[in-house]
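**Q** Test case, fold it:
(2 chains)
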Amino acid sequence: MAKSISNFSTCTTCNCHTNEANYSKPRNGFIFFRQSSRKCLLSSNLDVPRSTRVGVSSMLDENAKISKFCELGDLRNAVELLRMSQKSDLELNTYSSVLQLCAERKRLQEGKTVHSIISSNGIPIAGVLAPKLVFMYVSCGDLREGRRIFDLTLGDNKVFLWNLMMSEYAKFGDYRESIYLFRKMQKLGITGNSYTFSCILKCFATLRSVGECKRIHGHIYKLGFGSYNTVVNSLIAAYFKSGGVDSAHKLFDELGDRDVVSWNSMISGCVMNGFSHTALEFFIQMLILRVGVDLATLVNALVACANVGSLSFGRAVHGHGVKACFGKEVRFNNTLLDMYSKCGNLNDAIQAFEKMGQTTVVSWTSIISAYVREGLYDDAIRLFYEMESKGVSPDVYSMTSVLHACAHSNSLDKGRDVHNYFRKNNVVLSLPVSNALMDMYAKCGSMEEAYLVFSQIPVKDIVSWNIMIGGYSKNSLPNRALKLFSEMLEESRPDGITMACVLPACGSLAALDIGRVIHGCILRNGYSSDLHVVNALIDMYVKCGSLVHARLLFDIIPEKDLISWTVMITGYGMHGFGNEAIATFQKMRIAGIKPDEITFTSILYACSHSGLLNEGWAFFNSMRSECNIEPKLEHYACMVDLLARTGNLSKAYNFIETIPIKPDATVWGALLCGCRIHHDVELAEKVAEHVFELEPDNTGYYVLLTNIYAEAEKWEEVKKLRERICKRGLKKSPGCSWIEVQGKCTTFVSADSTHPQAKSMVSLLNSLRIKMKNEGYSPEMRYALVNADETEKELALCGHSEKLAMAFGILNLPLGRTIRVAKNLRVCGDCHEMAKFMSKSTRREIILRDSNRFHHFKDGFCSCRDFW
DNA sequence: ATGTGGCGTT
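**A** Below is the predicted model of the structure:
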């Protein structure tokens, strides 16, 4: 009975020394009450009159004393006494009570101590102790140790413990482990209860296992849980999460005893599935039926208001929430501020934010997004740093939001700053953050940095691939886009967005064969019902020169959107079918679609490429009068182009002087182009100075003026201008043309003699040239643009890249197949003449895309009517 | 003792 003195000589909590004499009668003299030191926490913690304590202690045994400590919430004393008591004196229930208190107080340290006391006392972990220990570990956050004991005592485990483990895994997002436990439970023949089914439904629903949800649904009804409110609520939520809107509604209709969670599930489920109007109807119904609303009700209702964009309804819910005393709730205020922002009212959003007593990272993310929504990117970025300085650390959401702000502000430096901030703070880049970083770099034009992030993602998702492929497409790196697309096909399955991202790459390369393969892929995978994809396909066919296919696809779209119409109008414009473009524009108007500024750019461009002066003016004037759209520089540039092409050079010049915005190089450049067409050297010189001042490093404009001089045979001026180009350190970008043969793209540069078929190509061109001369054509020597003798010029002309590409096509493509060639610069006049002749004498249709438009050569004529 | 509904990013 007597315990070793050494065990009791020191109070572990405060190191006060206990009195040996007192200790000699351990049963009566409850050691801690006799301590002399006032500092001892053990005695002072007991908030009971001294006399009572002595009385209690003298009457009770260890078990009762420990239980009493537990009852009073004095964990420290309970554990201490447990440690000091004799093994034989302790009942199992006593250990249980202490473990229970550890769990309630979430005190892992004490819990572990109790566990070790149990072990050293040699008590087997079974019966009541096992579930208590598991409960303690799980409650204190040590899921691993909890699971270890759970697994050791599997056979003894009651449903409660299974539920506990399952829900704990679900709480940490490990739904698969939760489902694994559920399956194991079934195997062991343990029937779940309502808690089990609530939890497992959430797991299946989150993992989008619709089939599993249905199976469980049947199981639940067979077991008789169909009348359990919590289970049916979970089922409703599960159906909504997996898109089974009708099933969810049916369950709700059949539910006799609806509680607030049932209603909230309906509201949030409707919102989740895009039926925010219906969600608000449920909310109104709740008010009418006087169902008590709670915080979740109001939060969901506010989300619905935000989605619908109804500021007035939002304000009403706001008022309702304040009346119901949720005005101080952070979640309520967070949603409120987001609602105001989404309803377009930044001021009220700011006010809601500033009024908040307590803010969380969600509040900051919402206000950052609110500024982004209004285009105030710099303020949004500033707020991100302000949040950090207020001690709120960013999470995935706030990080993606600020990156979104950087991406839209188009500021690579600010984006890099944020990235560096992440590095400095050792932020682990989660997938959404990495994706947002890539998107930011792609939108700011740095594909190198985007790729660096991409290459460091261990497991990429479809968004990662789509951002990179789309980024390459948009940043004029079409070959990279196609390469990455083929890499993606080996690792992961593309979706409709991937298709819409990669198609512009085919378009810019005029890679019709690859485009067709992707079209096939789209059809096989059923992406052709996605309007984004179809619009991208039409655009691809337009840019690859296959207007017929573009039109066929366009015609079968049941509900064309503004993009569909604009793509088609642009297509007709590029191919020189101005009247068709106009007809399409009118049809769009009849269909009730309102053009935007881009549509107007397209139609003006179409008018200019077909020389439709009056029509162009009419559209230009209707922008303001009918559509309330203020013309921008690109619209003015189209009008200058139209005037200049149609020979109204001085009118164009005067028009530029009336433009209310400062004209840029494209506006003056359009006039310079017109000067070339109409051989007006004098005006060209005047205009060129404006252009050179605005864009001194754009080689294209110098080349344009050089050509104007050369065509006028002003070789002295050509020479001077060449020197000027050299002085600036500029180089003429080399002309190149490319052609696809059997899915393989071959590129030619000027005077390319390295190609294996070079000889036969040159001889083909020479024989055509002789034929042309015999039929009375003379080579357009002006386009040789070198101050050389006539033979040399002729030779130089023969080496032009587009001629080589066309010759290659004739030699390698089967008869009857259209020759499709693309060129990076504008087509040369001599090549244009020769292409016309080629189309007649070889009876081939040739479609040449230059940097500006398409030329369809057939039977000796070109669709541009020699006007480009 | 364990459960269902709830804010911000792509």
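
**Q** Just give me how far stretch A:70-87 sits from the chain centre.
**A** 56 Å (C-alpha atoms, centre = their mean, to the nearest Å).

**Q** List the buried residues of that stretch.
**A** A:C70, A:D74, A:L75, A:N77, A:A78, A:V79, A:E80, A:L81, A:L82, A:M84, A:S85 (16 or more other C-beta atoms under 10 Å). Bear in mind the C-beta positions are built from the backbone N, C-alpha and C, glycine included.

**Q** got a list of what the third one touches?
**A** Read it as A:L75. Contacts for A:L75 were tallied using C-beta atoms under 8 Å, 6 or more residues apart in numbering; they are A:F69, A:V98, A:L101, A:C102, A:R105, A:R107, A:E110.

**Q** Could you list which of the residues you listed also contact DNA strand B?
**A** Among these, no residue is within reach of DNA strand B (C-beta under 7 Å from any atom of the strand).

**Q** Among those, which pair sits farthest apart?
**A** For these, the maximum inter-member distance is 13.6 Å, found between A:F69 and A:R107 (C-beta to C-beta).

**Q** In terms of packing, which of the two has more residues around it?
**A** Shown here are A:F69 and A:R107; by other C-beta atoms under 10 Å, A:F69 has more neighbours (24 against 19).

**Q** Report all helices and strands that the strand or helix carrying that one contacts.
**A** Assigned by DSSP states H and E, A:F69 falls within helix A:62-72. Contact analysis of helix A:62-72 by 3 or more C-beta pairs under 8 Å, 6 or more residues apart in numbering; DSSP states H and E lists helix A:50-59, helix A:75-84, helix A:92-105 as its packing neighbours.

**Q** and it, how far from the chain's centre?
**A** From the chain centre to the centre of helix A:62-72 is a distance of 58 Å (C-alpha atoms, centre = their mean).

**Q** swap in stretch A:353-361?
**A** Counting by C-alpha atoms, centre = their mean, stretch A:353-361 comes out at 27 Å from the chain centroid.

**Q** swap in stretch A:340-356?
**A** 25 Å.

**Q** Now tell me what touches that stretch from outside.
**A** A:305-307, A:309-311, A:314, A:330, A:333, A:336-338, A:359, A:363, A:366-367, A:369-371, A:373-374.

**Q** try stretch A:536-553
**A** A:499-500, A:503-504, A:506-508, A:510-512, A:515, A:518-519, A:522, A:528, A:534, A:554, A:564, A:567-568, A:570-572, A:574-575, A:577, A:820, A:847, A:849, A:854, A:856.

**Q** Dump that stretch to CSV, keeping only the CA atoms.
**A** Extracted in CSV, the C-alpha atoms of stretch A:536-553 (Å, rounded to 0.1, in the frame of the first residue of the first chain):
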residue,chain,number,x,y,z
ALA,A,536,-12.4,28.8,-82.8
LEU,A,537,-12.9,26.2,-85.5
ILE,A,538,-14.5,28.7,-87.9
ASP,A,539,-11.7,31.1,-87.2
MET,A,540,-9.1,28.4,-87.9
TYR,A,541,-10.7,27.6,-91.3
VAL,A,542,-10.9,31.3,-92.1
LYS,A,543,-7.2,31.8,-91.3
CYS,A,544,-6.2,28.6,-93.1
GLY,A,545,-7.9,30.0,-96.2
SER,A,546,-10.8,27.6,-96.3
LEU,A,547,-13.7,30.0,-96.3
VAL,A,548,-16.1,27.4,-97.6
HIS,A,549,-15.6,25.2,-94.5
ALA,A,550,-15.9,28.1,-92.2
ARG,A,551,-19.2,29.1,-93.8
LEU,A,552,-20.6,25.5,-93.6
LEU,A,553,-19.8,25.4,-89.8
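
**Q** just to revisit the earlier point, which of the buried residues of stretch A:70-87 lies closest to DNA strand B?
**A** A:C70 (14.5 Å; C-beta to the nearest atom of the strand).

**Q** And the nearest residue to that closest one once chain neighbours are set aside, how far from DNA strand B?
**A** Once flanking residues are discounted, A:C70 sits nearest to A:S97: 4.4 Å by C-beta to C-beta, 6 or more residues apart in numbering. Distance, A:S97 to DNA strand B, using C-beta to the nearest atom of the strand, to the nearest Å: 13 Å.

**Q** Over to A:N435?
**A** Counting by C-beta to the nearest atom of the strand, the separation of A:N435 from DNA strand B is 6 Å.

**Q** For that residue, list the residues it contacts.
**A** A:T400, A:D461, A:V463, A:S464, A:I467.

**Q** Look up the pLDDT of the fourth one for me, please.
**A** The score at A:S464 is 95. That number is its pLDDT.

**Q** Report the distance from the helix or strand harbouring it to the chain centre.
**A** Assessed by DSSP H and E, A:S464 sits inside helix A:462-474. Put simply, helix A:462-474 sits 10 Å off its chain's centre (C-alpha atoms, centre = their mean).

**Q** what does the stretch 201-350 of chain A have sitting close to DNA strand B?
**A** A:201-202, A:205, A:228-231, A:233-234, A:237, A:259-262, A:264-265, A:268, A:272, A:294-297, A:299-300, A:303, A:306, A:329-331, A:334-335, A:338.

**Q** A:F283 and A:C270 touch, don't they?
**A** No - using C-beta atoms under 8 Å, A:F283 is not in contact with A:C270; the gap is 9.7 Å.

**Q** Tell me, domain by domain, which residues of chain A belong where.
**A** A:1-52, A:60-157, A:286-358, A:360-445, A:460-549, A:632-733, A:737-862 (automatic domain parsing).
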